[in-house]
Structure formats: structure tokens, C-alpha cells
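my questions concern the predicted model and sequence given below.
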Amino acid sequence: MTKRPLEEKKEVVVQSLRAFGTSIFTEMTNLADANGAVNLSQGFPDFEGPEEVRARAAEAIMRGPNQYCPSVGIAHLRQAISRKMKRFYGLEVDPDTEVTVTAGSTEGICATLLGIVEPGDEVILLEPCYDSYPPMASLAQARIRYVPLNLPDFSLPKETLAGAFNSKTKAFNSKTKAIVINTPQNPCGKVFTLEELTFIASLCEKHDAYAVSDEVYEHLVYDGRKHVTLLAVPGLRHRAFSISSAAKTLSLTGWKQGFVVAAPELSRAVRTSHQFIIFCGQSALQEGVALGIDSSEDYYERFLADYTRKRDFLCDGLRQLGFRVFVPEGTYYALVDIRSLGFEDDVSFCRMLPEKAGVAAIPCSAFYFSDSPARHLVRFAFCKKDETLHEALRRLKKWKTHLTG
């Protein structure tokens, strides 16, 4: 049999993923590495998580067993997650039927969508959104409806969601299976209020839809604001999936330890798909995460205080350089408007910055999959050591001097 010439080979990537190329995070990190730039593009700390958490995991590895654990996660961790939901949100959660441990929050979201979405169902994504949401919805064979948040404050576009003024633009309809919400929201730092989430709950009830909530930044909410988990919103206890992880709160992004909390009937959908994606996670790491989640109030207070200080330092420094800064309500990212320095396109700006300034950032348009109204916005991460942030601002100041001199 004659082999097909190379140029005639069929596309190997499945149709549902062809629209999604190399992640912008990979591109910017590669540019940072190639230019020796300070990497404020990707959301990973350049410091280690709590020593006692890492030590507990190391002890568990040496003690064993290092074999398969229950697909839903070890009991010790599920119980810690249940205590967390009671401690922070006043919710009674059954660790045996309502908690599923996943390979990070990303797998949790993927397992959720694969477990509840039928081909042709519609999934609403609020833009800007984390770049994994659209591919995961596409893998579930959903029809995606993109709904941009209102600029400049990233408020909820109620008219578009409900179709109050124009039914042709109504996002929620009889085909809607789910809406994916990220609160606090990456990249803009928006923290959705109880009033906004209650509005979403009313639409989910009206259209018999689910709310999939990515809450990985739940403990990074500033200036006296409070994070509201969707499970605590009236009407959503049996319609919502609350998804979080140890990555942000414990500064352990490489461990990929996430979890989904949902009512028993919803958890069954997650668990059914989860078992065929990875089956189970790493039991030793789960031992460490369980200890971390049970950390004292002092840990959580210091964690928030440290990030509040980092946020204020970076935002003040960027403002002094002439950027218009959007101070985040939550997360560990800050957006800036590059037009104040004479730039218009976020992608070209971010591709230029590692070489010219020695600093890497992320274009906000990478978080839009419909037409982006935010090509003037760039995201900087402040989940870094103080000296890293100092060096980034020093380099940006030097670049700005050459730019204007």
C-alpha cells in the first residue's frame, strides 16, 4: 500500500480542538525564558508553599502506600474540604457523596462539563475567561455562547443574559445547559456580588440550567469584600458545582490538586467522567493538601495580607510609570491600560515587552474568543517574591525612560 504523501495527510487534531492553538501562556513564558525576562505573565508563584504541607506529603510518600487511592480522593482530604465549606461558608457538605478530588481545578471543570453536557447543549462563557474553558466546552460538544462582561468595570451584562430588551441577544434559553462563572475572575479581578450571583441563580432556575463555578481565588478577595460561593446562593445548592484547588491558596500550582463540591446527584455526573479521565490522583499529595486546607486562621490572614501588600506595591509602581491601573478586587492579577503610554494593541505590546523591557505580561485579548473589546489591556501577575516585583518595576522604569527619552 502506497503511503499518502506528507502534504496530503489529513488533519489529526479532532475538529472540536482545531480552533485552539498553542496557549498564550506558553508563548509568553517561552519569550520570557528566551530573553531572560522577569515573568509576570503566568500565574505561578516563584516561592514555595508551606513547609509543613510539603513535609506531610514527603512523609506520606516514604510511609506509603504509593498505590491507587479512591477515585474520589482520600477520605482525609474530602473531610478537610467538608470542614472548609462549613468553616468559611456555613455549608454542610457530605464528604462521601458531595466532594470529588480532581487533578487540579481544570480537570474538575472538564469532568463537570463532560458529565452534564449533551452534544448540542449550550454553555455560556463570560468573557474575558480563562483560556481552558472554551476547549473543554468544545470537547463536551457544546455550542458556546460568549457573553462579554461590561467594560470598564466588568459588571454583569444582565440584559444580554436575560434578553430583557432584545430577545435576539438573549444568552439564556431553552437550550442552555450551563453557565461557567469565575469568581474572583481571572484576568480582571472582578468579585461577583451576591446580588449578581442571585440574578444568575434566577436564570438558572428559569431555564433549568446549571452553574459551574471556578473559585480557585476564593481566599484572595481584598478590601473587606467577601467571596460568595455559588453553593450558598439561594436556589443553587442543587444546581451549582463549586470548583477550587490547592494551587492558589497553598502556592502549590505544580501539585494539581483540585476538588469539586456539588449535591450528590450532581457529584455522580462529575465522578462518572472523572474516573475515566484520570481515575484517581496522588494520595501522598492529597495528605499534604488536607493539612494545608485545615491551616489556622492566622495562615489565611497572613496569606491575604501578604497579597494585599504585593497588589498595592505593583499597582502603585505601574501607576507611577504612567499606566492606567485597574486595581483588582480579587485574584493575584492587575490589568493596565496601555493606551496611556501610546500603545494600542495588547498582543504586539506583550510580544515586544520581554525583549525591550525584560518583563513578560499577558494580553487581555487572549481571554476573549469572540471579538475582543479589550485589546488595550494587559495583565501582570503579582504572585511573586517582593524582590521579583521590585526588579520588574526597575526594568519597566528603565524601559519607560528610554521610550520617552
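Now that the structure is in, tell me what you want to look at.

quick one, domains of the protein?
6-49+298-404, 51-295 (automatic domain parsing).

name the stretch among those domains that sits most buried.
Of the domains of the chain, the one with the most neighbours on average (mean count of other C-beta atoms under 10 Å) is domain 51-295, at a mean of 20. C-beta coordinates here come from the backbone N, C-alpha and C atoms, glycine included.

what about that one, start to end distance?
12 Å (C-alpha to C-alpha, to the nearest Å).

that older thread, kindly reformat the domains of the chain as JSON lines containing mean pLDDT.
Shown next, in JSON lines, are these (pLDDT from 0 to 100):
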{"stretch": "domain 6-49+298-404", "mean pLDDT": "94"}
{"stretch": "domain 51-295", "mean pLDDT": "95"}
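
Val123 belongs to a helix?
No - under DSSP: H, G, I helix; E, B strand; the rest coil, Val123 sits outside any helix and is assigned strand.

and it, how far from Pro184?
21 Å (C-beta to C-beta, to the nearest Å).

next: Pro65.
Counting by C-beta to C-beta, the separation of Pro65 from Pro184 is 37 Å.

can you check Ala269 too?
Distance from Ala269 to Pro184, by C-beta to C-beta: 26 Å.

which helix in the protein runs the most residues?
helix 297-320 (DSSP state H).

give me the residues contacting that one.
50, 219-223, 249, 325, 327-328, 332, 334, 336, 380, 382-384, 386, 389, 392-393, 396 (C-beta atoms under 8 Å, 6 or more residues apart in numbering).

pull that helix out as PDB, backbone CA atoms only.
Extracted in PDB, the C-alpha atoms of helix 297-320 (Å, rounded to 0.1, in the frame of the first residue of the first chain):
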ATOM      1  CA  GLU A 297      -7.000  31.400  60.800                       C
ATOM      2  CA  ASP A 298      -3.600  33.000  61.100                       C
ATOM      3  CA  TYR A 299      -2.300  31.400  57.900                       C
ATOM      4  CA  TYR A 300      -5.300  32.600  55.900                       C
ATOM      5  CA  GLU A 301      -5.000  36.100  57.400                       C
ATOM      6  CA  ARG A 302      -1.200  36.300  56.600                       C
ATOM      7  CA  PHE A 303      -1.800  34.900  53.200                       C
ATOM      8  CA  LEU A 304      -4.300  37.700  52.300                       C
ATOM      9  CA  ALA A 305      -2.200  40.400  54.000                       C
ATOM     10  CA  ASP A 306       0.900  39.400  52.000                       C
ATOM     11  CA  TYR A 307      -1.000  39.500  48.700                       C
ATOM     12  CA  THR A 308      -2.700  42.800  49.600                       C
ATOM     13  CA  ARG A 309       0.700  44.300  50.100                       C
ATOM     14  CA  LYS A 310       2.000  42.800  46.800                       C
ATOM     15  CA  ARG A 311      -1.000  44.100  44.900                       C
ATOM     16  CA  ASP A 312      -0.700  47.600  46.300                       C
ATOM     17  CA  PHE A 313       3.100  47.700  45.600                       C
ATOM     18  CA  LEU A 314       2.800  46.600  42.000                       C
ATOM     19  CA  CYS A 315      -0.300  48.700  41.200                       C
ATOM     20  CA  ASP A 316       1.400  51.800  42.700                       C
ATOM     21  CA  GLY A 317       4.500  51.200  40.700                       C
ATOM     22  CA  LEU A 318       2.700  50.600  37.500                       C
ATOM     23  CA  ARG A 319       0.600  53.800  38.100                       C
ATOM     24  CA  GLN A 320       3.800  55.800  38.600                       C
END
